[in-house]
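I would like the atomic coordinates for the input below:
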Amino acid sequence: MTTERVFDYVIVGAGSAGCTLANRLTEDTSVRVLVLEAGLWDRDLWIRVPIGWGKILQRRLHDWKYFSEPEPALNGRRIECARGKVIGGCSSINAMMYTRGHRLDYDRWARAGLSGWSFAHALPYFRKQESWEGGADAYRGGNGPLATRMSSFDDPLVEAYFEAGKSLGYAFTNDYNGAQTEGFARLQSTIRDGKRCSAADAYLRPALARANLSVEVGVLATRIAFEGTRAVGIEYAQGAQTAVARAEREVILSGGVINSPQLLMLSGIGDPDELRALGIEARVPLKGVGKNLQDHLSVGVDYARKGSGRFREDMRLDRVGMDLLKARLLGAGSAIELPSGWTAFLKTQAGTAIPDIQLLFRATPPVAGPYLPPFKRAYDDGFCCRAVLIHPQSRGEIKLASANPRDPVRIRQNFLAADRDKRTLRAGVRLVRELARQAPLAKFVAAEIAPGKSKSSGADVDAHIRAVAATAHHPLGTCKMGVDADAMAVVDSELRVRGTQGLRVVDASVMPDLVGGNINAPVIMIAERAADLIRGRAPLAPAAV
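Predicted structure coming up:
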């Protein structure tokens, strides 16, 4: 049995972009908006309490459980690709790091013909999205929906890394989302009152009180309904029932880097030859759909720690339960912070205009968990620093496995296909090790666990990278935004799907290439600006900074 309902806008996906659009579009009380989400509501305690992120990632809670095809440059390993399948999407399962990227990232987009997406044009929407604990200034927003704050994780390793960085001549920045991105810095997080502040909390929940917003969960979008080349709705399955949500104005895909191109291809938008091979009629030939996949690859160096750090002490079983209760009820205690505290955006080569490596820190050993002396011995403490390749040249792709919307797509990341990527990541590992040799940090190092002190040659480092490198969970680019002359562009500068009417994509898949950092904040920025474009309002004036 098929039912049909009518709305003005139908949004597929309640992730960071979908939640933002739901809020901004329903500000106009004359329109009706439906949001379709494959996952369920974000009521899990582990989503709310920041320390629960580790459990969410390790157990693959609330995600699509995607894996790549075997990666040739990574010993044929299938790399996990966790994508949120829950209200809030990836903002409900990510590490809550708030990073915008470098201003030159957006100016690079503008030089490619996307003039409305320069840093000057993006900054007003970054300011609009956030409530920075330090208050508003030329770079930061003070009264937006998304709460952002500085990490207060307290461990002497944090300051030791800062001092080690200074020893090597690297800068320190008080705010990597401000005037100076480059350098070592305290981490910034999307946390409010000690709890995760997801896009669902920031944008969707405040809009739920509006009568013109409807949200359906546990539904699978199966096809875009067309009349000619005009998108007129979404066909979806909910349990054994099928339905059609008709969109009188626009269909908006916000399913993310994997699901948005999948739905386009299932609906006949993509490479005609690939679609016909699966028995799908090619409605709009766009060879770029599913191509241009990019992601941040990272590799860690693990250390055994002299003494015991704060995180291990907090993991005593007689303390963990109380900390979780305090975090849940009071927004206080050690469970409201991840055991990290700092990051860095650095150049591994002199003369480059923009950082090419990001460093991420974890103040725990590879395997950690609750313990209770004398019944369970405390594990040996440790820590890790990861080098992240933030501007890869390698490109992958997403392809349909079949014409069945329930079949997972084939994901080929193609990590380290470009020689420059290998050299840069190798340089990142060398930098991590050089930091550990500096006096302020060396006093905490009992031993290098992986790859191990004896593994010092270039071949050893390359082998370590092939064996352990993993995603930093920032995939994008599979519905690339571009100008008409770009044959691989899927959407135009206003995020409209080329060759169609009434259809847009608004999520990470439209980003032409990777920004230098975590991508949740840029995705929300894109959705904020897209909401103005969709509503026919003049975009915010460019910033003069």
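
and stretch 126-135, which residues are buried?
Across stretch 126-135, burial judged by 16 or more other CB atoms under 10 Å covers 126-132. For every residue, glycine as well, the C-beta is placed using N, CA and C.

wait, which of these is closest to Arg406?
Gln129 (34.1 Å; CB to CB).

Would you confirm that the closest one contacts Pro145?
Yes. In this structure, Gln129 is within contact of Pro145 by CB atoms under 8 Å, at 6.7 Å.

And what about Ala387, helix, strand or coil?
strand (DSSP: H, G, I helix; E, B strand; the rest coil).

contacting residues around the residue nearest to it when sequence neighbours are not counted?
In space, Ala387 comes closest to Gly428 once its chain neighbours are excluded; the distance is 2.9 Å by CB to CB, 6 or more residues apart in numbering. Contacts for Gly428 were tallied using CB atoms under 8 Å, 6 or more residues apart in numbering; they are 299, 348, 357, 359, 387-389.

Turn those into TSV, including neighbour count, pLDDT and distance to Ala417.
Putting these into TSV (neighbours: other CB atoms under 10 Å; pLDDT from 0 to 100; distance: CB to CB, whole Å) gives the following:
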residue	neighbour count	pLDDT	distance to Ala417
Val299	23	98	16
Thr348	18	95	19
Ile357	24	98	19
Leu359	23	98	24
Ala387	29	98	18
Val388	24	98	17
Leu389	30	98	12
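
And those residues, which two are furthest apart?
Across the contacts of Gly428, the longest distance by CB to CB is 13.5 Å; it joins Val299 and Thr348.

Identify the contacts common to Gln129 and Pro145.
Listed contacts common to Gln129 and Pro145 are Ala202; contacts here mean CB under 8 Å, 6+ apart.

which SS state does the residue nearest to Ala387 fall under?
Relying on three-state DSSP, one would call Gly428 helix.

so how far is Gln294 from it?
Look at Gly428 and Gln294: by CB to CB, to the nearest Å, they are 17 Å apart.

cool, His121 as well?
Counting by CB to CB, the gap from His121 to Gln294 is 22 Å.

the more surrounded of the two?
Using other CB atoms under 10 Å as the criterion, His121 and Gln294 rank with Gln294 on top: 26 against 22.

surely the more buried one meets Pro512?
No. Here Gln294 lies out of contact with Pro512, judged by CB under 8 Å, at a distance of 9.4 Å.

anything in contact with each of the two?
When contacts are counted by CB under 8 Å, 6+ apart, Gln294 and Pro512 are jointly contacted by Gly477.

Nearest spatial neighbour of Lys178, chain-adjacent residues omitted?
Slight slip there: residue 178 is Gly, not Lys. Spatial nearest neighbour of Gly178, chain neighbours left out: Tyr139 (4.5 Å); criterion: CB to CB, 6+ apart.

Next, the contact list for the one you found, please.
Going by CB under 8 Å, 6+ apart, Tyr139 touches 123, 126-127, 175, 177-179, 545.

Tell me the spacing between it and Gln238.
43 Å.

ditto for Ala160
Using CB to CB, Ala160 is found at 53 Å from Gln238.

Also Leu21?
Taken as CB to CB, the span from Leu21 to Gln238 is 21 Å.

Between these two, tell me which one has more neighbours.
Neighbours of Leu21 and Gln238, each counted by other CB under 10 Å, are more numerous for Leu21; the result is 29 against 14.

Which of the three states applies to the more buried one?
helix.

Quick check: it touching Ala531?
Yes. Between Leu21 and Ala531 there is a contact at 5.7 Å, judged by CB under 8 Å.

Pull out the buried residues from the longest strand along the chain.
The longest strand of the chain (DSSP state E) is strand 241-253. Across strand 241-253, burial judged by 16+ other CB under 10 Å covers 243-247, 249-253.

contacts for that strand?
Outside strand 241-253, the residues that reach it (CB under 8 Å, 6+ apart) are 1-13, 18, 21, 31, 34, 36, 219, 222, 224-225, 231-237, 260, 263-264, 479, 502-507, 534.

Relative to it, what are the paired strands and their orientations?
Here strand 241-253 is paired, per DSSP bridges, with strand 2-12 (parallel), strand 230-238 (antiparallel), strand 503-505 (parallel).

Identify the bridge partners of Phe7.
Ala247.

what about the nearest residue to Gly482 once chain neighbours are set aside, neighbour count?
Leaving aside its sequence neighbours, Gly482 sits nearest to Ala489 (CB to CB, 6+ apart; 2.8 Å). Applying other CB under 10 Å, we find 23 residues neighbouring Ala489.

Ala489 and Ala73, how far apart?
Distance, Ala489 to Ala73, by CB to CB: 27 Å.

Wait, Leu263 touches Arg223, no?
Yes. Between Leu263 and Arg223 there is a contact under CB under 8 Å: 7.5 Å.

Helices of the stretch 301-450 of the chain, start to end?
Secondary structure of the stretch 301-450 of the chain (DSSP state H, counting those that start in this stretch): helices located at 310-314, 317-330, 419-436, 439-442.

need these in a markdown table with distance to Val49 and mean pLDDT, can you?
Shown next, in a markdown table, are the helices of the stretch 301-450 of the chain (distance: least, CB to CB, whole Å; pLDDT from 0 to 100):
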| stretch | distance to Val49 | mean pLDDT |
| --- | --- | --- |
| helix 310-314 | 13 | 75 |
| helix 317-330 | 5 | 78 |
| helix 419-436 | 29 | 98 |
| helix 439-442 | 30 | 98 |
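
Any chance of TSV for the ones you listed, columns distance to Ala521?
Output for those, formatted as TSV (distance: least, CB to CB, whole Å):
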stretch	distance to Ala521
helix 310-314	26
helix 317-330	24
helix 419-436	23
helix 439-442	29
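
residue contacts, the closest residue to Gly270 other than its chain neighbours?
Counting by CB to CB, 6+ apart, Val289 is the residue found nearest to Gly270 once chain neighbours are left out, at 4.0 Å. Shown in contact with Val289 (CB under 8 Å, 6+ apart): 261, 264-265, 269-271, 478-479, 490.

make it 6 Å
Val289 makes contacts with 261, 264-265, 269-270, 490, as judged by CB atoms under 6 Å, 6 or more residues apart in numbering.

now for those residues, which pair is the farthest apart?
Checking those with CB to CB, the most distant pair is Met265 and Val490, at 10.9 Å.

buried residues in the helix or strand bottoming out on mean pLDDT in the chain?
Taking mean pLDDT, DSSP states H and E as the measure, the helix or strand of the chain with the lowest value is helix 310-314, at a mean of 75. Across helix 310-314, burial judged by 16+ other CB under 10 Å covers 310-312, 314.

Out of those, which comes closest to Pro408?
Nearest to Pro408 among the buried residues of helix 310-314: Phe311, at 35.0 Å, using CB to CB.

Quick check: the gap between the closest one and Leu503.
Counting by CB to CB - Phe311 and Leu503 are separated by 47 Å.

next one: Ile11
With CB to CB as the criterion, Ile11 and Leu503 are 12 Å apart.

likewise Gly477?
Relative to Leu503, and taking CB to CB, Gly477 is found at 19 Å.

How about Ala459?
Distance from Ala459 to Leu503, by CB to CB: 50 Å.

next one: Gly239
Counting by CB to CB - Gly239 and Leu503 are separated by 27 Å.

Ala136: neighbouring residues, count only.
14.

mind listing what it touches?
Contacts of Ala136 (CB under 6 Å, 6+ apart): Gly142.

do the one 10 residues further on as well
When contacts are counted by CB under 6 Å, 6+ apart, Leu146 is found next to 129-130, 190, 202.

Great, nothing more from me.
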